[in-house]
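[1] compute the structure for the input listed below.
(2 chains)
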Number of protein chains: 2
Amino acid sequence: MNASQTRRLPIGVFDSGVGGLTVFRALRQALPHEDLIYLGDTARLPYGTKSRASISRYAGQATAQLQGRGIKLLVVACNTASAVALDALQEQMKPVPVIGVVEPGATAAVAARPGGKHLVLATEATVRYGAYRHAILGRDDRAEVRELACEMMVSLAEEGWTEGSIAEAIIRRYLEPLEDLAYEPDSIILGCTHFPLLRAAIQSVAAEGTAIVDSASTTAGVSAALLAEHGLLNDQESPGRLKLMATDGASRFARVGGRFIGEDLDAEDIELVDL
Amino acid sequence: MNASQTRRLPIGVFDSGVGGLTVFRALRQALPHEDLIYLGDTARLPYGTKSRASISRYAGQATAQLQGRGIKLLVVACNTASAVALDALQEQMKPVPVIGVVEPGATAAVAARPGGKHLVLATEATVRYGAYRHAILGRDDRAEVRELACEMMVSLAEEGWTEGSIAEAIIRRYLEPLEDLAYEPDSIILGCTHFPLLRAAIQSVAAEGTAIVDSASTTAGVSAALLAEHGLLNDQESPGRLKLMATDGASRFARVGGRFIGEDLDAEDIELVDL
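    Here you go, the predicted structure:
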């Protein structure tokens, strides 16, 4: 395949479910001429509470599915899979580049608050593997990092209860232990792709001046820079085509996913695939 | 196998995760001399948001695992699997009896409030298949039934936030649409095995005099009656042995499951199995 053919290939985006659609949406805004293909492994979500071995196996299978369709870049839009399996997926996809959501989020947080105190809100698995902690401290040895597992916030986003008193009470409850420790973060990293939907509620609960780092938009920015650097930007002038796939439950994917992508989705537009 | 040998076999209990441990606990209280074996399909939870085909396949595999170990009764301690796959599982287990959680809950609700208005709190899938509605109306044609999908309540139970202002606010939010419709239920059926943990919070939000029907304890009662009727009660005098199995994440199973069973569990006591 020559460079011109490669440029026309879609960007593949993969997540355990609908959460990665926040990354998909950010990619679409940053790169409106690119074709995008999304795979949500809804049959086996959530990854966040599963073992390392299972997460690696599932992520490898999802990657193989996208690889088989031909892509020029893989975005692992799942914090858990990025935390656990990024190296293995990069190996599997060679020479196609693979970007996770953890590294761009860590880079953006360090840039926003050098030498600062960071707070990562994430799923249990992302916290357990300390992926953000390692990525931040590897970039800034003066930084401090704390990580909080906030599973209820995933449910809030899926249920669409993204603002109001219940969302704020839940976020406040998760942040309480930090107040007891007098840990006042300079940045809060949305370390789960569901959490950009709760951005306003998190901002309203956080102390004034706290930077909110959204790994969806930072990952889209890094993706655009990488494609430009490798001469892989699509040169078509028409808007990119979008394709959505899921491993189970097309109607739920359309209903909940619509909230994440910010527009109505139709179950008939979701292709069901087996991994 | 003769009757005496059959009596000594354990009761098998199966759920998509830890929720069925509320049924396991109720069985243990009702039948302290029975051996109990539990299988939580934690690698593939939650079933509640998956398709009918996937739920049936998973339930069949879990049932085969317990069948292979030898059991005298199968309790499907998962509302979603009971709603979707009970007939198929009864066929698969013949001549061993199979009890789901939907029928006992419906029977108890009708007995508690004949001709009454019932409210079923459940997962999306249980609501979608209308299992409680059919079971209640099949027993009492004067009854009225409404069903509410309450996914956030599952997360509340798993996170252990089972009482206090957040739990009550979430329950109240789910009940709001009923107030708008002026539907005042005489009974509230806990149609998800996670919800017995929220019983006190639900009771505190519900109107005074509302019957709370807990399908965990009603299923244990029906199991005891069925074993007695078939002469299958274990005649040993020592306390029954307990065995717990999961398909993934033993440490999380132990931590969250401990809240459901009401005692500390050790990850090393959980056997990991592949389905």
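
[2] okay, helices next: where are they in the stretch 1-150 of chain A?
    A:3-7, A:21-30, A:52-69, A:79-93, A:102-112, A:124-129, A:131-139 (DSSP state H, counting those that start in this stretch).

[3] count of neighbours near whichever residue of the stretch 151-275 of chain A sits closest to chain B?
    The nearest approach of the stretch 151-275 of chain A to chain B comes at A:S155, 4.0 Å away (C-beta to the nearest C-beta). Glycine gets a C-beta too; all of them are placed from N, C-alpha and C. Using other C-beta atoms under 10 Å in any protein chain shown, A:S155 is surrounded by 21 other residues.

[4] assign it to helix, strand or coil.
    Following DSSP: H, G, I helix; E, B strand; the rest coil, the label given to A:S155 is helix.

[5] quick one: the helices of the stretch 1-150 of chain A as a markdown table, columns for mean pLDDT, distance to B:A26 and mean neighbour count too.
    Below are the helices of the stretch 1-150 of chain A laid out as a markdown table (pLDDT from 0 to 100; distance: least, C-beta to C-beta, whole Å; neighbours: other C-beta atoms under 10 Å in any protein chain shown):
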| stretch | mean pLDDT | distance to B:A26 | mean neighbour count |
| --- | --- | --- | --- |
| helix A:3-7 | 90 | 60 | 12 |
| helix A:21-30 | 95 | 40 | 24 |
| helix A:52-69 | 95 | 30 | 18 |
| helix A:79-93 | 94 | 34 | 23 |
| helix A:102-112 | 96 | 42 | 23 |
| helix A:124-129 | 87 | 28 | 22 |
| helix A:131-139 | 96 | 40 | 20 |
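
[6] next up, the contacts around the residue lying closest to A:K50 once chain neighbours are set aside.
    Excluding the flanking residues, the one nearest A:K50 by C-beta to C-beta, 6 or more residues apart in numbering or on different chains is B:D248, at 5.3 Å. By C-beta atoms under 8 Å, 6 or more residues apart in numbering or on different chains, the residues touching B:D248 are A:K50, A:S51, A:S54, B:T42, B:A43, B:L272.

[7] buried only: go through those residues for me.
    Among the contacts of B:D248, those buried by neighbour count (16 or more other C-beta atoms under 10 Å in any protein chain shown) are A:K50, A:S51, A:S54, B:T42, B:A43.

[8] I'd say the first one and A:E124 touch.
    No: the criterion here is C-beta atoms under 8 Å, and A:K50 misses it with A:E124 at 9.6 Å.

[9] residues touching stretch A:156-166, excluding its own?
    The contact list for stretch A:156-166 (C-beta under 8 Å, 6+ apart) reads A:18-19, A:167, A:170, A:194-195, A:197-198, A:200-201, A:256, A:259-260, B:151-152, B:166, B:169-170, B:173.

[10] same check, this time on stretch A:79-95
    Outside stretch A:79-95, the residues that reach it (C-beta under 8 Å, 6+ apart) are A:14-16, A:46-48, A:52, A:55-56, A:58-60, A:63-64, A:67, A:74, A:76, A:97-98, A:100-103, A:122-123, A:125-126, A:129, A:131-132, A:191-193, A:215.

[11] out of the helices of the stretch 1-150 of chain A, which comes closest to B:M1?
    With C-beta to C-beta, the closest approach to B:M1 among the helices of the stretch 1-150 of chain A belongs to helix A:52-69: 36.2 Å.

[12] now for the closest one, which elements pack on it?
    strand A:11-15, strand A:36-40, strand A:73-76, helix A:79-93 (3 or more C-beta pairs under 8 Å, 6 or more residues apart in numbering or on different chains; DSSP states H and E).

[13] run the last query once more with 7 Å
    Helices and strands touching helix A:52-69, as assessed by 3 or more C-beta pairs under 7 Å, 6 or more residues apart in numbering or on different chains; DSSP states H and E, comprise strand A:11-15, strand A:36-40, helix A:79-93.

[14] got CSV for those, with distance to A:P114 too?
    Listed next are the helices and strands packed on helix A:52-69 as CSV, based on distance: least, C-beta to C-beta, whole Å:
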stretch, distance to A:P114
strand A:11-15, 30
strand A:36-40, 33
helix A:79-93, 23
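
[15] pull out the buried positions in stretch A:183-199.
    Buried, per 16+ other C-beta under 10 Å, within stretch A:183-199: A:185-199.

[16] so which of these are in strands?
    A:S187, A:I188, A:I189, A:L190 (DSSP state E).

[17] dig out what the second one forms beta bridges with.
    Note on A:I188: beta-bridge partners by DSSP bridges are A:L119, A:I212.

[18] what separation is there between A:V98 and chain B?
    Using C-beta to the nearest C-beta, to the nearest Å, A:V98 is found at 25 Å from chain B.

[19] picking that back up, a markdown table for the ones in strands among the buried residues of stretch A:183-199, including distance to A:A88 and pLDDT?
    Shown next, in a markdown table, are these (distance: C-beta to C-beta, whole Å; pLDDT from 0 to 100):
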| residue | distance to A:A88 | pLDDT |
| --- | --- | --- |
| A:S187 | 29 | 97 |
| A:I188 | 29 | 98 |
| A:I189 | 24 | 97 |
| A:L190 | 25 | 96 |
